[in-house]
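Participant: Below is the structure, and that's it, no one-letter string:
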């Protein structure tokens with residue numbers, strides 16, 4: 001059993017365009033193996049990781065402090081769907097909100113801080129590998145073999161690819 005206090009951990013920071021946040025990997029620090037947990041702080045006017053979903057890992061978000069919104073995947077069979085991907089299926093986040101994100105395209109998500117204060121939340125994930133992370137807005141995907149997304153072990157295969165760069169099974173063999 002691992003025990004850790006978040007106050008004893010240093011923040012890691014990501015600052016890439018709209019994506020700007022601080023993170024403490026609690027699950028890893030406590031020696032977690034099959035379950036990951038990170039504490040996030042999202043500053044005013046910024047967003048988390050790009051809109052994505054995982055093929056193998058279920059995730060969940062629990063809001064601790066602040067307000068914001070979350071963009072969720074839309075139902076591809078929804079007759080009301082339009083081309084405004086940025087505002088489709090956006091929901092308010094308030095303290096106590098819990099969001100379950102399945103390991104398939106219905107689990108697509110991105111957290112947005114559109115409030116006047118810091119948004120603080122926990123992100124919990126199964127730590128299954130191999131995993132494929134799909135980014136529908138950019139038409140790309142990431143592959144993780146040997147350590148799941150968020151894991152620190154050495155990977156035997158990792159990379160990000162354009163979904164349109166497909167090759168035939170026997171091509172280049």
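Facilitator: That came in fine, so what should we check first? All values derive from a computational prediction rather than experimental measurement. Numbers count the residues shown, from 1 in each chain.

Participant: switch to C-alpha atoms for all contacts and neighbour counts from now on
Facilitator: OK.

Participant: residues touching the residue nearest the centre of the chain, list them.
Facilitator: By C-alpha atoms, centre = their mean, the chain has its centre lying nearest to residue 49, at 5.7 Å. By C-alpha atoms under 8 Å, 6 or more residues apart in numbering, the residues touching residue 49 are 19, 110, 111.

Participant: what about the helix or strand bottoming out on mean pLDDT in the chain, distance to the chain center?
Facilitator: Between all helices and strands in the chain, the lowest mean by mean pLDDT, DSSP states H and E belongs to strand 157-162, at a mean of 91. When distances are taken as C-alpha atoms, centre = their mean, to the nearest Å, strand 157-162 is centred 16 Å away from the chain's centroid.

Participant: buried stuff in stretch 15-24?
Facilitator: Going by neighbour count (16 or more other C-alpha atoms under 10 Å), the buried part of stretch 15-24 is 19, 20, 21, 22, 23, 24.

Participant: How about stretch 126-141?
Facilitator: Using 16+ other C-alpha under 10 Å as the test for burial, stretch 126-141 gives 126-136, 140-141.

Participant: List the strands paired with the least confident helix or strand of the chain, with their directions.
Facilitator: Paired neighbours of strand 157-162 in the sheet (DSSP bridges): strand 140-145 (antiparallel).
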